[in-house]
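Student: model this:
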Amino acid sequence: LAQTSTRARSPHPWRQRTDFNQAHFGMEKGRKTRFAQNPDYVCSRNSSIGIILKIYYPQAKAAISILTDTLYREGPTDALLFHFFKQNKGMGKRDRNLVSDLVFGMLRCWEGLVKTTGEETPGLAHLNAYVQTLGHEPLAFRDDSFEKVAPLQSLFTVNDELTKRGKDQFGDNWDSLLETFAERSEVFLKFRNAAELELFQEVLEELDIKGEVLPSGKGMKLNPDDGGKVRSLIKEQKFPIEVQDYSCQQVIDFLPNIEGKKVWDVCAGNGGKTLDLASHVGGGQLIASDISESKLIELQRRVTAWTYQGIQTRLLSKNISQTAIDASFDLVYLDVPCSGSGTWRRSPWLKMWEAEVMEDVMETQQELLQHFAKSVKQGGKLAYSTCSIWKEENQEQIQTFLKENPLFQLEEEHQLLPEKGKGDGFYFCLLSKT
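Tutor: Next up, the predicted model:
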């Protein structure tokens, strides 16, 4: 957000647009009129380092508009930003980056901003509190200045209910976990083999981009700032590259040997983990299924790009009980729908949706376990995973299942918490059928 240049610049044509919805602002009437009459910029000087943060009014307005749409459940923030930028092609790279940073930054600490400002409707008061938390002085506009407020204690905040749950489950580690969520997540890539990884690494070195090879030898970690550049480079390569979180890439290490086995990836989605299964199933049989036909189409496209053969896709009914069961599988893998709390670094809007989805996803998780466990043959394995940090979706779900299904035993489980350089929060467990 810090821009070192203080030289006056001619307003970009996009910055002169005035067709944004004024209703998105929770400003006083007098101040709203003044801003509407002078669509220039608000700015804030960081006295400690002598940098002026310059935010043009339409930039601030766009950020608050998208933040408001997120709070009203209009869609995921990244999708809202994508569509907004698509509709406003006059925005330059710096405009897009600034708006994105403002939206995600305020979203991560929204609950704290509400307490500080006393306002629940997004407005410039929240932006004022946010920039001061970053170390800047209060926003100022010509002869109108905002009041100085106490900076937030953390750049990632949650509501009281999640705070209580977090402290109950993680104790003194909860505060450090919130600090981790406040950081931008690294970008992780997955390759078919080490040779293709080395080829791509040479491309990055020519652009002075450093990538760290993961222990598997087929994955790479990049700094968050390099993510945008790398995504465009991926499309130019002659071999497929997947963007996949490091925690998800470790799943294949937790699974038993599946070479030549019959495997069912029940909740395959777009197929990120299906590709890992396909690379290890050898001469076996792999079925990938989902309730979304569009996701299965995308899965098939990925499978074709990765040149894997013989993967069958199956469209499931949304009514779980109507899915036919065949107790012949060596491994049934359930990567179930969840709250997504482990991905708050990348998807901070999920913390605001959690109260609405938690009960439904927990019911779905148990239904999936109970129903598809019947597909595991005697001596086979049942794998279960979520991208959640909460025990209610992880350990407690498994304990409930085991009490009602004594033929299954817990072999191993792993709870990965978000950690800088090591991916999102993730839970995995493996059950065996005796």
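Student: Give the phi and psi angles for the residue nearest to Gln365 when sequence neighbours are not counted, as a check.
Tutor: Residue nearest to Gln365 in three dimensions, not counting chain neighbours: Val336, with 4.7 Å by Cβ to Cβ, 6 or more residues apart in numbering. Where you see a C-beta, it was placed from the backbone N, CA and C, and this is true even at glycine. Val336 has phi and psi values of phi -80, psi 160 when expressed as degrees, to the nearest 10.
Student: residues near Val336, how many?
Tutor: Here the neighbour count serves as a burial measure; for Val336 (other Cβ atoms under 10 Å) it reads 22.
Student: State the distance from it to Leu315.
Tutor: Distance of Val336 to Leu315, computed by Cβ to Cβ, to the nearest Å: 18 Å.
Student: secondary structure class for Gly282?
Tutor: Using DSSP: H, G, I helix; E, B strand; the rest coil, the secondary structure recorded for Gly282 is coil.
Student: so it makes contact with Val263?
Tutor: No. At 10.5 Å, Gly282 and Val263 do not qualify as touching, with contact defined as Cβ atoms under 8 Å.
Student: which regions of the chain sit below the pLDDT cut-off?
Tutor: With pLDDT under 70 as the threshold, the chain has low-confidence stretches at 1-52, 141-144.
Student: again, only this time at 80
Tutor: Low-confidence segments of the chain (pLDDT under 80): 1-54, 56-57, 140-146, 228, 421.
Student: Return the residues in contact with the closest residue to Leu162 other than its chain neighbours.
Tutor: Distance criterion Cβ to Cβ, 6+ apart; nearest residue to Leu162, sequence neighbours excluded, is Lys351 at 6.5 Å. Residues near Lys351 by Cβ atoms under 8 Å, 6 or more residues apart in numbering: Val158, Asn159, Leu162, Ser341, Trp344.
Student: Just the buried residues of the helix or strand that Lys351 is a member of, please?
Tutor: Counting by DSSP states H and E, the secondary-structure element that holds Lys351 is helix 350-372. Buried residues in helix 350-372, counting neighbours by 16 or more other Cβ atoms under 10 Å, are found at 350-352, 354, 358, 361-362, 364-366, 368-369, 371-372.
Student: Could you let me know which of those residues ends up closest to Leu113?
Tutor: Distances from Leu113 to these, taken as Cβ to Cβ, are shortest for Met352 (12.6 Å).
Student: Give the closest residue to that closest one in space, chain neighbours not counted.
Tutor: Per Cβ to Cβ, 6+ apart, closest to Met352 is Leu71, 6.7 Å.
Student: Am I right that that neighbour is in contact with His126?
Tutor: No. The criterion here is Cβ under 8 Å, and Leu71 misses it with His126 at 11.0 Å.
Student: joint contacts of the two?
Tutor: Common neighbours of Leu71 and His126, using Cβ under 8 Å, 6+ apart, are Trp110.
Student: Mind checking which of those two has more residues around it?
Tutor: More neighbours sit around His126 than around the other of Leu71 and His126, counting by other Cβ under 10 Å; the figures are 24 against 16.
Student: Now do the SS call for that one.
Tutor: Here His126 is helix, with the state taken from three-state DSSP.
Student: and what of Glu198?
Tutor: On the basis of three-state DSSP, Glu198 is classed as helix.
Student: Can you add distance to Ile389 and give the buried residues of helix 350-372 back as a markdown table?
Tutor: Conversion of those to a markdown table gives the following (distance: Cβ to Cβ, whole Å):
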| residue | distance to Ile389 |
| --- | --- |
| Leu350 | 12 |
| Lys351 | 11 |
| Met352 | 16 |
| Glu354 | 11 |
| Met358 | 13 |
| Val361 | 14 |
| Met362 | 14 |
| Thr364 | 18 |
| Gln365 | 15 |
| Gln366 | 19 |
| Leu368 | 20 |
| Leu369 | 19 |
| His371 | 25 |
| Phe372 | 24 |
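Student: Help me confirm that Gln312 is found in a helix?
Tutor: No. Counting by three-state DSSP, Gln312 is not found in a helix; it is strand.
Student: Now for it: which residues touch it?
Tutor: Contacts were defined as Cβ under 8 Å, 6+ apart; by that measure Gln312 touches Gln285, Leu286, Ile287, Ala288.
Student: The second one: which element?
Tutor: Secondary-structure element containing Leu286, defined by DSSP H and E: strand 285-290.
Student: and that strand, what other elements does it pack with?
Tutor: strand 262-265, helix 272-280, helix 293-305, strand 311-315 (3 or more Cβ pairs under 8 Å, 6 or more residues apart in numbering; DSSP states H and E).
Student: Output those in a markdown table, with distance to Asn88 appended to each entry.
Tutor: Conversion of the helices and strands packed on strand 285-290 to a markdown table gives the following (distance: least, Cβ to Cβ, whole Å):
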| stretch | distance to Asn88 |
| --- | --- |
| strand 262-265 | 39 |
| helix 272-280 | 31 |
| helix 293-305 | 27 |
| strand 311-315 | 37 |
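Student: what's the closest of those to Leu214?
Tutor: helix 272-280 (13.3 Å).
Student: Now do the closest one: which elements does it pack against?
Tutor: So helix 272-280, by 3+ Cβ pairs under 8 Å, 6+ apart, packs with helix 246-249, helix 251-254, strand 262-265, strand 285-290, helix 293-305, strand 329-335.
Student: re the thing from before, just the buried residues of helix 350-372 now: which is nearest Ile66?
Tutor: Sorting the buried residues of helix 350-372 by how near they are to Ile66, with Cβ to Cβ, puts Met352 at the top with 13.9 Å.
Student: give me every residue that touches the closest one.
Tutor: Remark: with contacts taken as Cβ under 8 Å, 6+ apart, Met352 is in contact with Thr70, Leu71, Trp110.
Student: Thought Leu107 was touching the first one, still the case?
Tutor: Yes. With the criterion set as Cβ under 8 Å, Thr70 and Leu107 qualify as a contacting pair; they are 6.5 Å apart.
Student: Common neighbours of the two, please.
Tutor: Thr77, Trp349.
Student: Where do the helices of the stretch 1-150 of the chain begin and end?
Tutor: 29-37, 57-71, 77-87, 93-108, 110-117, 124-133 (DSSP state H, counting those that start in this stretch).
Student: Out of those, which gets nearest to Thr400?
Tutor: When the helices of the stretch 1-150 of the chain are compared for distance to Thr400 using Cβ to Cβ, the nearest one is helix 110-117, at 30.7 Å.
Student: Following element in sequence after the longest strand along the chain, please.
Tutor: As far as residue count goes, and with DSSP state E defining each element, the longest strand of the chain is strand 376-386. Secondary structure here is assigned by DSSP H and E; on that basis, the next helix or strand after strand 376-386 toward the C-terminus is helix 395-404.
Student: now for that next one, which elements pack on it?
Tutor: Using 3+ Cβ pairs under 8 Å, 6+ apart, helix 395-404 is in contact with helix 350-372, strand 408-416, strand 426-433.
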